[in-house]
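>>> Mind folding the following:
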Amino acid sequence: MDTKTRKGRRMYASHFGLQRKPFSLQPDASFMYMGRRHKLAFHLLQYGLLDGTALSVITGEIGAGKTTLIQYLTRTIVDDIEMGIVTHTHSNFGHIMRSIAGAFGIPGSDVDYHSLYERFVARLREIYQSGKRAVLVIDEAQNLSVDTLEEMRMLLNINTGEHVVLQVILVGQPQLLEMLKRPELVQLVQRIGISHHLETLDVQETMAYIRHRLRLAGATRDVFNDLACAAVHYFSNGTPRLINQLCDFALVYAYSDDHEAVTFETVFEVAETRLGSGLSALRPLPAGGSAESLKQQLMGQLYGSPQRTGSAPRAVQTGTDGTSS
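Alright, predicted model coming up:
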């Protein structure tokens, strides 16, 4: 990253009237966008916890916002739940059992797997007897082997009858769903009470998402116009992580050019540069495509028919929850 870009990252906040950086690649629950898709996923998880669902599964593409959703869930969790989160998964159950134990504050480096399992069960009983329930979240669960997923069923066997001592939430990429379809995992699948796939954002949700994060960062005006937002959606396919990446660099570019707002041209330049590096997950233009053809395509999608170049874009109003009207 050159000096101009580094300086731009530091300075664009004041240039655009922001108190903090609105777009980061790191999950940040304080910026949680509760559009319809993420709100549904959150409410399903919340319902599962309150209803005593033993096993829930949340999947989504890379960068869809799964980890941010879990972070937000932990911030709003009810008082009678103790949560342990495993983020570094391993295909071997013995290894992941140590991570699980550590997530609940159980030392395990000095014992074998069976002793560690007994310590974990004892800890769950302590939690239950204190009037709480233990919730285990395993992120990146697609990295677990089929054998390890089958052994996970042993943990659920701790629950007996109406006494739910442990609830498990598996979070992972779509490969997790494919693994769970394996015949040898049928007994585990039968215990899944909630399963939800977190879809990426459509163009209107992308607009609302961008403006939601900017507003939380202190923006008092629309820094991205509709066409810029639509371009971000095109290149990111509505994936939150890629939206953040594009928007962050677009702010740097706009600041460096002393522009008061991010335009279609700014977003296109950022995307073109990153795609040109060959190290980008952004959506490329179709063969023979150009900036002008994409601009006309997006204008048609936004307004029903292409507008004259220079026409003022229609403002999309966003409510306090990030929804658009």
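
>>> Show the pLDDT at P286.
For P286, the pLDDT comes out at 89.

>>> mind listing the strands for the stretch 51-200 of the chain?
55-60, 81-86, 133-138, 166-172, 192-198 (DSSP state E, counting those that start in this stretch).

>>> in the stretch 201-325 of the chain, which ranges drop under the pLDDT threshold?
305-325 (pLDDT under 70).

>>> With mean neighbour count as added columns, please give the strands of the stretch 51-200 of the chain in a markdown table.
C-beta coordinates here come from the backbone N, C-alpha and C atoms, glycine included. Formatted as a markdown table, the strands of the stretch 51-200 of the chain follow (neighbours: other CB atoms under 10 Å):
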| stretch | mean neighbour count |
| --- | --- |
| strand 55-60 | 23 |
| strand 81-86 | 19 |
| strand 133-138 | 23 |
| strand 166-172 | 23 |
| strand 192-198 | 16 |
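
>>> out of those strands, nearest to R37?
Ranking the strands of the stretch 51-200 of the chain by proximity to R37 (CB to CB) places strand 192-198 first, at 6.5 Å.

>>> Note down every partner strand of that closest one and its orientation.
Sheet partners assigned to strand 192-198 using DSSP bridges are listed as strand 55-60 (parallel).

>>> Next, give phi and psi for the closest residue to R119 other than its chain neighbours.
Nearest residue to R119, sequence neighbours excluded (CB to CB, 6 or more residues apart in numbering): I106, at 5.2 Å. For I106, the backbone dihedrals (degrees, to the nearest 10) come out as phi -100, psi 120.

>>> Could you check how far I106 is from I100?
From I106 across to I100, the span is 8 Å (CB to CB, to the nearest Å).

>>> again, but for L116
For L116, the distance to I100 - CB to CB - is 9 Å.

>>> what's the answer for Q296, then?
For Q296 relative to I100 (CB to CB), the value is 54 Å.

>>> before we move on, what about L246?
37 Å.
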